[in-house]
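1. Okay, here's the prediction I keep looking at, along with the sequence it came from:
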Amino acid sequence: MSRKIIGIMACTNKGVIGLNGAIPWRYPEEFLHFKNTTDGQIVVMGRRTFDELANLDLLSSRDNIVFTQNKSLLKSKMAENIRFISSLEEFEKLTLNPDKKIYMIGGAKIVELFLKNDMIDEFLLTKIHKEYDGDTYFPLDLMKNWDSECVDTREGYSIYSYKHKN
């Protein structure tokens, strides 16, 4: 797949992205940024992220591609806009709407997989200013060779745009 893929996630400065299967902070404006950016687009995620977003009713207006090893999910057809896949090879063979942007939205295993395989072209990473306890982390070390620019700062967080260094 030679399409541009944009990462979009949030983490603390130490890389925390989750605690007990949920995001440990609530910043409604930051959540709205995520919703507005990905609305009507293609989102790629892991199954745990899918479970959390399904609980928040965030899937209906997006084309959802979900990585899972759960064999029963791989065979299921939940909705027209949800596809379950098990590998990068399968992802690369998908036929996706060329008029829609592709966003990789996490979680930890999927972001690491995409970054290590050099599949992300740009990353919109929200840095939460306050530290939170967590058990799931963003692989910040994989972003150290990217150029970053702060594109927005709000109370409690800043949004950075990361691009590969030339």
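-> That came through, no problem. Numbering: from 1, shown residues only.
2. Met45: neighbour count?
-> 24 (other Cβ atoms under 10 Å). (C-beta placed from N, C-alpha, C; glycine too.)
3. Does anything pack onto the helix or strand bottoming out on mean pLDDT in the chain? Which helices or strands?
-> Evaluated with mean pLDDT, DSSP states H and E, the helix-and-strand set of the chain has its lowest mean pLDDT in helix 71-75, which scores a mean of 74. In terms of contacts (3 or more Cβ pairs under 8 Å, 6 or more residues apart in numbering; DSSP states H and E), helix 71-75 is packed against strand 82-85.
4. Give the other helices and strands that the strand it packs on contacts.
-> Counting by 3+ Cβ pairs under 8 Å, 6+ apart, strand 82-85 packs on strand 63-67, helix 71-75.
5. ok, residues contacting that strand?
-> Residues outside strand 82-85 that contact it (Cβ atoms under 8 Å, 6 or more residues apart in numbering) are 59, 63-68, 70, 73-74, 76, 91, 94.
6. Tell me the first helix or strand C-terminal of that strand.
-> Counting by DSSP states H and E, the element after strand 82-85 in chain order, helix or strand, is helix 88-93.
7. Which neighbours in the sheet does the helix or strand following that following helix have, and how are they oriented?
-> Scanning the chain past helix 88-93 towards its C-terminal end, the next helix or strand to appear is strand 102-106 (assignment: DSSP H and E). If you go by DSSP bridges, strand 102-106 pairs up with strand 5-12 (parallel), strand 42-46 (parallel).
8. between these, which gets nearest to Gly106?
-> strand 5-12 (4.9 Å; Cβ to Cβ).
9. Show me what the following helix or strand past the closest one is packed against.
-> Per DSSP H and E, strand 5-12 leads on to strand 16-18 as the next helix or strand towards the C-terminus. Using 3+ Cβ pairs under 8 Å, 6+ apart, the elements in contact with strand 16-18 are strand 5-12, strand 136-137.
10. deepest of the ones you listed, which one?
-> For those, average neighbour numbers computed from mean count of other Cβ atoms under 10 Å are highest in strand 5-12, which has a mean of 21.
11. Would you mind getting the angle between the top helix by length along the chain and strand 5-12?
-> Taking DSSP state H as the assignment, the helix of the chain that covers the most residues is helix 28-38. With axes from the mean of the first three to the mean of the last three Cα atoms, to 10 degrees as the basis, helix 28-38 and strand 5-12 are set at 170 degrees to each other.
12. got the contact list for helix 28-38?
-> Helix 28-38 is contacted by residues 8, 10, 58, 62, 103, 105, 124, 126, 128, 152, 154, 156-157, 159 when judged by Cβ under 8 Å, 6+ apart.
13. Thanks a lot, catch you later.
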